[in-house]
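Novice: pasting the sequence and the predicted model now:
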Amino acid sequence: MSSYKEPSAVLKRLLTPPKDPSLTLSSNYQWLVLTQEPPLPSIELLAKKEEKLAGIRFDPELLTPSRMQYAENLVLQHMATGKRQELKLPENSEGIRYIRFHPLKSLFVFASKVKDEARLELYQCELIGNNNDNNNGDDDDESEKVWTMTKIELHNRRMNFIQSCAYQFASDGSKLFIKVVPSTTSKTPPDEPISTGPAIQEVQLGARKAPGRTYQDLLKNEYDENKLKYYMSVEVLSVDMSSSTSTLEATLSNHYLLVRVVDFFWYNQSPTLVTRYLFLVLENLSTYGIWKRELNVTKNPVDDEIPLSFDACSRHPRSFSFHPCSNDNDATTTVMYLKATDGGDPENEPVNGERDVVYCQKIDAKSFTLGEPSKFVGLEWRYSNLDFCESGMSIIEEYRWKDRMERKWILNADGTKKKLLWERSWEDRYNHPGEPLTRRGSKGGQYFIVQPSPTSIYLKGSGASPLGDRPFLDVLDFGSEEVQTTRLWRCTAPEEGELDAAKEVNGVLPTERKDVYESLVCVLPDNDSIMISRESKTTPRNYFLSKLTDGEGDKAEIQVTQFEHPQPDLLGVTKELVHYKRDDGVELTANLYLPANYDGTTPLPTLFWAYPREFKDSKAAGQVKGSKHSFVAAHWASPIHWAAKGWCIVDNFALPVIGEGDAQPNDTFIEQIVSGATAAVEYAVSRGVCDKDHCAVGGHSYGSFMTAHLLSHTSLFAAGIGRSGAFNRTLTPMSFQSEDRSIWEARETYITMSPLMHVKKMSEQERVGKMLLIHGEADENSGTHPMQSERYFAALKAFGIQSKLVMLPHERHSYRARESILHMAYEQEEWLKSLEK
C-alpha cells in the first residue's frame, strides 16, 4: 500500500508558503479589507462528501461549492492614513468568506462558518456614526471612526451558495437579498432507490444537430434530477438595511429582480447532454420578496444545439439584464437582451448584415405589463460586451473568432452608433489600446464607464512592448472627428532599453527609470488619486496611493501595504527575459531562471516548462508577454522551485502554433512545437547554462499533452513530466482547446495530435525520454478525464518505455491538498534525480 511522501526540505518550504492576503476595496475607496486564508488545506477537506450534478460540484451540507476554505482574520485599513483595526471574528466562527460592500455606505456583510457545524451565519460590519450616504469619498474623518460587527438574524433559514454568493445588495443599498432554502424543503434529500432502471438516451427522427464537448458530472437519471432540484431550490429573503430586519413579505415598489428559474420537465426529452448553463430556462421579472407578482420574459427550451464554432451562440434570446440607466422611480423600467439573427450558426447568412441584435423591452409599472421589443443596436459580428456610462452613452464590443478580430463602438443613448473606436486583432498585444475603466456609479449598484468629461473616457491597458508589459492609463477624447488619446500614467520604464516618447506620459521620455513592474488597480472618485501595485524581482507586490498630478513631498505617494517575501529560498535566483528565433524566423521568448550564486561557467541540468498557444498572426505570436521585472515567486504548479535546487529553468518558453489566413494552426501542431522546443534548447545550450544531456521538459494540462509529443518526436529531453493531460484526441471528438472543428471535419488532425498514436515512435527515438504521469482522480475538466493518463500509461508500458503513473485521490484538474502537492513534488524530485550531477 502506497502512502503520501514529502520532497526535500527546500521544496517543502517553497511549496507551503503563507497565502497572499485577499484585498477588498470599500465602495467609497477609503477602506481596504484584508483577510488571509490558511496555507494548503488537508486532504481531509477534499475527502468530504460532495455532490456532482449537472456540471456542479458542491458541499451538500453547507450548500456551498465544495472544498471551501475560510479566512481566519479580518483587518480594516484606512488607505490614506494607514490606520488599522482588526475585528475579532465571532466566537463560534471557523472563518469567514464572501465579503460584499454596501454600494453607498461604509458597511459590508460577510458569511461566517460556524465551528463544527454545517452552517453559515450572516454578519454586517458598519462604521460607527457614519451618516455619509454618498460615494464621493470626501469624509476625511472616517479614519477616526470605529468598525462594529453585528449578526443579521435569519431565523434559522439556511443560505444557499451553490451557484454563487447567496446575497447581494439592491442597487440603492436599501435592501439585501438573500437566497435561502425554502421553508417547505425537507430536511433530508431524496432517498436513493435500489435501482433507477435502465439509463436511456434517444435522438428522435428529425432532431436538430446537438454537438457538445465531453462534459463531466452530467445528470444520469431521474434520481439525479430530483437531487438537483432539492439542492438548488431557493427562496429570496429581503433584509431592510435601515433596520436589519428580515422579511419574506413582498415590497410593493417599482423595483424588480431579474430571476432565472430552471424547470425540470425537460428530463424525458434529454436526460444527460446538458449542463446547468443550458437547462430549460424561464426568465422572470419579479418584485422584491417572494414573488407574488411575476412577469414572464422568455421561455427557452434545452439549448444543447449550439454549433462547435467559437463564432456560434444560442439561437434563443439570451443575456438578459436591466438597462442600467433606466430610472427605477420612473413609470417604466427597461430590460435588455440579445438575439442572433443567423440562428446562432456562423455558417448561416446574417439578416440585413447583422448577426446579433440587442433588444429593449419596457415594463409598465402600473399595469405590470411588458411592451413590444424594440431594436437597440445591431452588430455585423458576434456580440461580446456592453458597458454604459451614467450619461446613457455606451460602448459595445463585437468579435469574429475565425480571424481573431474585435470592434468597439461608442453608442448614443438611443443605441445609434456614434463612432467606431477601433477594429483590430486581439492577438496584437503591442497595439492594444486598453479597455474602458469602470467604477461604481454615483447612486451605487451598477459599475459604469468613467467619463472625466462628456466626450472622454479612461482606458486601462497592459502596455505590452518589446521591453515587456508596462501597464498604462490613458484618457481617450472622442469629441473631435479623430479620436485622440493622452497618456496619464504608465509603469516606470526599465533602466535598459529604447523608449518611444509617443507612448510615454504626456509624450515625454521619463528622466527616472527603475527595474520594477507596476500595474494600475483603480482610479479613485476624484479622478486624480490612483491605486497602483509595485513589485520587483526581489520585492513582493505591494500597493500604493499616488496621484496623476504632481504631488508635494510625502503626499506624492502613500504605501498602503508592506507584505514580506513569502519564499526567501528564492532570494538570489536571477530572472531574465530571453529572445531567440524559431527556424522559420518566428520570434520567441522565455523566462530564464538561474540559481543563486551561479558562476556562469558550468552547464546545469535544465527543466523546460511550457503551454502551447494558438495564433492566426505570426507577428503577434512573437510578441513579448509579461515582464522580466515581476516578482520572482513560485506557485505550487510552477517549475521555478527547482532553481533553488541548482537547476536552470526555462519557464514559459514560447510555443506558438500558427495558422495564418485559411490555414488551421493545429494542422501543423507537431512540426511547430518541435521547432519551438528545439530553438529553446539550442538557445539555452548556446548560452552555456544548459547541459544538453541533462534536459527535462514538463507541463500541466495542455502542457502535459505537449510534453508527450516532444518525447515522441524528438530526442531533446531525457525525461518528461506530464500532469493532468490528454493523450487521445478521439476521446474529445467534439473539439478541444482552441480547435473548433470536430473529429469528422479534421480526422487526420485529431489522430496526428494524439500522443497515444505515437508511442511506438517514442520508443524508437535515439534517446528515449522517461515519462512521469500525474493526474487527479477527480479531474472535472472536459478534456482531461483521468482515463486519458491511465490509457496512455498502458501504451507506454506496452512498449517498455520507462514511465510511472501517479493518481492523486480526491484531486481535480488543479491540485489543492497539502499532502497531494507535496507528494507531487516528491515524485518529480525522484524522477529527475538521475539528471542531477
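Specialist: All right, it came through fine. Residues are numbered from 1 along each chain as shown.

Novice: so where's this structure uncertain?
Specialist: Scanning the chain for pLDDT under 70 picks out 1, 129-140, 243-256, 262-293, 327-332, 445, 551-555.

Novice: kindly list the longest strand within it.
Specialist: Assignment by DSSP state E gives strand 690-700 as the longest strand of the chain.

Novice: mind listing residues that contact that strand?
Specialist: Contact with strand 690-700 is made by 603-611, 637, 639, 648, 650, 677, 681, 684-685, 704-707, 710-711, 716-725, 769, 828, 832, 835-837, as judged by Cβ atoms under 8 Å, 6 or more residues apart in numbering. Every residue, glycine included, has its C-beta placed from N, CA and C.

Novice: the stretch 451-600 of the chain: strands as residue ranges?
Specialist: Counting by DSSP state E, counting those that start in this stretch, the stretch 451-600 of the chain has strands at residues 456-461, 472-477, 484-490, 517-523, 529-535, 542-547, 557-559, 574-581, 587-594.

Novice: now render these as CSV, adding mean neighbour count.
Specialist: Shown next, in CSV, are the strands of the stretch 451-600 of the chain (neighbours: other Cβ atoms under 10 Å):
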stretch, mean neighbour count
strand 456-461, 21
strand 472-477, 21
strand 484-490, 17
strand 517-523, 21
strand 529-535, 20
strand 542-547, 18
strand 557-559, 14
strand 574-581, 16
strand 587-594, 22
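
Novice: okay, those strands in JSON lines with distance to P190 next?
Specialist: Shown next, in JSON lines, are the strands of the stretch 451-600 of the chain (distance: least, Cβ to Cβ, whole Å):
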{"stretch": "strand 456-461", "distance to P190": "49"}
{"stretch": "strand 472-477", "distance to P190": "54"}
{"stretch": "strand 484-490", "distance to P190": "57"}
{"stretch": "strand 517-523", "distance to P190": "47"}
{"stretch": "strand 529-535", "distance to P190": "49"}
{"stretch": "strand 542-547", "distance to P190": "49"}
{"stretch": "strand 557-559", "distance to P190": "56"}
{"stretch": "strand 574-581", "distance to P190": "55"}
{"stretch": "strand 587-594", "distance to P190": "52"}
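
Novice: do you know which of these lies nearest D345?
Specialist: Closest of the strands of the stretch 451-600 of the chain to D345 is strand 456-461, at 33.6 Å (criterion: Cβ to Cβ).

Novice: the longest strand of the chain pairs with which strands?
Specialist: Sheet pairing of strand 690-700 (DSSP bridges) gives strand 604-609 (parallel), strand 719-723 (parallel).

Novice: what's the span of stretch 187-204, first residue to last?
Specialist: One end of stretch 187-204 sits 39 Å from the other (Cα to Cα, to the nearest Å).

Novice: next: stretch 398-418.
Specialist: Using Cα to Cα, the two ends of stretch 398-418 sit 15 Å apart.

Novice: who does the closest residue to E72 other than its chain neighbours form a beta bridge with?
Specialist: In this structure, E72 finds its nearest non-sequential neighbour in G95, 5.3 Å apart by Cβ to Cβ, 6 or more residues apart in numbering. On the basis of DSSP bridges, G95 takes part in beta bridges with K113.

Novice: the helices in this structure, which residues?
Specialist: Along the chain, counting by DSSP state H, helices occupy 9-15, 43-47, 222-232, 618-621, 669-686, 702-713, 747-752, 759-763, 787-798, 818-832.

Novice: out of the ones you listed, which one sits most buried?
Specialist: helix 702-713 (a mean of 26; mean count of other Cβ atoms under 10 Å).

Novice: and it with strand 690-700, angle?
Specialist: Calculated by axes from the mean of the first three to the mean of the last three Cα atoms, to 10 degrees, helix 702-713 forms an angle of 130 degrees with strand 690-700.

Novice: helices or strands up against helix 702-713?
Specialist: Here helix 702-713 touches helix 669-686, strand 690-700, strand 719-723, helix 759-763, strand 770-776, going by 3 or more Cβ pairs under 8 Å, 6 or more residues apart in numbering; DSSP states H and E.

Novice: any idea how far the last one is from the middle of the chain?
Specialist: For strand 770-776, the distance between its averaged C-alpha position and the chain's averaged C-alpha position is 26 Å (Cα atoms, centre = their mean, to the nearest Å).

Novice: may I have that strand exported as CSV, CA atoms only?
Specialist: Extracted C-alpha coordinates of strand 770-776, given in CSV (Å, rounded to 0.1, in the frame of the first residue of the first chain):
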residue,chain,number,x,y,z
LYS,A,770,11.2,8.6,-19.5
MET,A,771,7.7,9.9,-18.7
LEU,A,772,6.1,10.7,-15.3
LEU,A,773,2.4,11.0,-15.4
ILE,A,774,0.4,12.6,-12.6
HIS,A,775,-3.4,13.0,-12.6
GLY,A,776,-6.1,13.9,-10.2
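
Novice: which other residues reach that strand?
Specialist: For strand 770-776, the surrounding residues in contact (Cβ under 8 Å, 6+ apart) are 704, 707-708, 711, 718-725, 784, 786, 788-790, 792-793, 796, 801-808, 810-813, 815, 820, 824, 827-828, 831.

Novice: rerun that using 7 Å as the cut-off
Specialist: Contacts with strand 770-776, where a contact means Cβ atoms under 7 Å, 6 or more residues apart in numbering, come from 711, 719-724, 786, 789, 792-793, 796, 801-808, 811-813, 815, 824, 827-828, 831.

Novice: can you redo the strands paired with strand 690-700 as a markdown table with mean neighbour count and distance to D364?
Specialist: Listed next are these as a markdown table, based on neighbours: other Cβ atoms under 10 Å; distance: least, Cβ to Cβ, whole Å:
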| stretch | mean neighbour count | distance to D364 |
| --- | --- | --- |
| strand 604-609 | 25 | 60 |
| strand 719-723 | 26 | 57 |
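
Novice: among those strands, which is nearest T150?
Specialist: strand 719-723 (46.3 Å).

Novice: show me the contacts for Y123.
Specialist: Counting by Cβ under 7 Å, 6+ apart, Y123 makes contact with 90, 109-110, 112, 149-152.

Novice: bridging residues for it?
Specialist: Note on Y123: beta-bridge partners by DSSP bridges are F110, K151.

Novice: if we can go back for a sec, next, format the helices and strands packed on helix 702-713 as CSV and append distance to S183.
Specialist: Shown next, in CSV, are these (distance: least, Cβ to Cβ, whole Å):
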stretch, distance to S183
helix 669-686, 56
strand 690-700, 46
strand 719-723, 46
helix 759-763, 59
strand 770-776, 39
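
Novice: D387 is nearest to which of these?
Specialist: Closest to D387 of these, according to Cβ to Cβ: strand 690-700, at 33.7 Å.

Novice: how far off helix 818-832 does the closest one point, in degrees?
Specialist: In terms of direction (the same axes, to 10 degrees), strand 690-700 departs from helix 818-832 by 150 degrees.

Novice: how about strand 690-700: buried residues?
Specialist: 690-691, 694-700 (16 or more other Cβ atoms under 10 Å).

Novice: so where do the strands sit in the stretch 1-150 of the chain?
Specialist: Per DSSP E, counting those that start in this stretch, the stretch 1-150 of the chain carries strands over the ranges 22-25, 31-35, 51-53, 56-59, 64-65, 75-78, 84-86, 93-101, 107-114, 120-127, 147-152.

Novice: next one: the third one to chain centre, how far?
Specialist: Pointing back at strand 51-53 there. From the chain centre to the centre of strand 51-53 is a distance of 22 Å (Cα atoms, centre = their mean).

Novice: same check on stretch 502-516?
Specialist: Its chain's C-alpha centre and that of stretch 502-516 lie 31 Å apart, by Cα atoms, centre = their mean.
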